[in-house]
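>>> model the structure of this input:
(one chain, ligands or ions: 1)
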Amino acid sequence: MAVDVLCEVSNCVHWANGNQCAADRIYVVSHTGKEAEHQEETDCKTFENQH
Ligand code: SF4
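Numbering: from 1, shown residues only. The predicted structure is shown next:
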């Protein structure tokens, strides 16, 4: 189990100072809908815009 998630998406409601993710858990998906081959193909689905 991951205990620390570092994230630089500072406009997410779960983001905290020091590039910390304050969410209880995150859900990471392959946005291509297929098996990811590169890191650019993965996204945090738990992201919520602050605005
Ligand atoms: S929920 Fe995802 S995007 Fe938001 S701070 Fe955590 S890791 Fe980053």
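>>> gap between the two ends of stretch 22-37?
Between the opening and closing residues of stretch 22-37 lies a distance of 28 Å (Cα to Cα, to the nearest Å).
>>> what about the residue lying closest to Thr42 once chain neighbours are set aside, neighbour count?
Distance criterion Cβ to Cβ, 6 or more residues apart in numbering; nearest residue to Thr42, sequence neighbours excluded, is Ala36 at 5.2 Å. For every residue, glycine as well, the C-beta is placed using N, CA and C. Neighbourhood size, Ala36 [other Cβ atoms under 10 Å]: 14.
>>> for Val28, see how far away Ala36 is.
Using Cβ to Cβ, to the nearest Å, one obtains 9 Å as the distance from Ala36 to Val28.
>>> same question, Asn19
Relative to Val28, Asn19 is positioned 16 Å away (Cβ to Cβ).
>>> per-residue confidence for the most centrally placed residue in the chain?
The centre of the chain sits closest to Cys44, judged by Cα atoms, centre = their mean, with a distance of 3.3 Å. Cys44 is assigned a predicted lDDT (pLDDT) of 97.
>>> isn't it right up against His31?
No: the criterion here is Cβ atoms under 8 Å, and Cys44 misses it with His31 at 10.2 Å.
>>> still on that earlier bit, give me the beta-bridge partners of the residue nearest to the centre of the chain?
Listed by DSSP bridges, the beta-bridge partners for Cys44 are Val28.
>>> who touches it in this structure?
Counting by Cβ atoms under 8 Å, 6 or more residues apart in numbering, Cys44 touches 7, 9, 12, 26-28.
>>> any idea how far Ser30 is from the ligand?
Note on Ser30: its distance to the ligand, by Cβ to the nearest ligand atom, to the nearest Å, is 15 Å.
>>> the spatially closest residue to that residue that is not a sequence neighbour in helix, strand or coil?
In space, and not counting its chain neighbours, Ser30 is closest to Ala36: 4.0 Å by Cβ to Cβ, 6+ apart. Here Ala36 is recorded as coil under DSSP: H, G, I helix; E, B strand; the rest coil.
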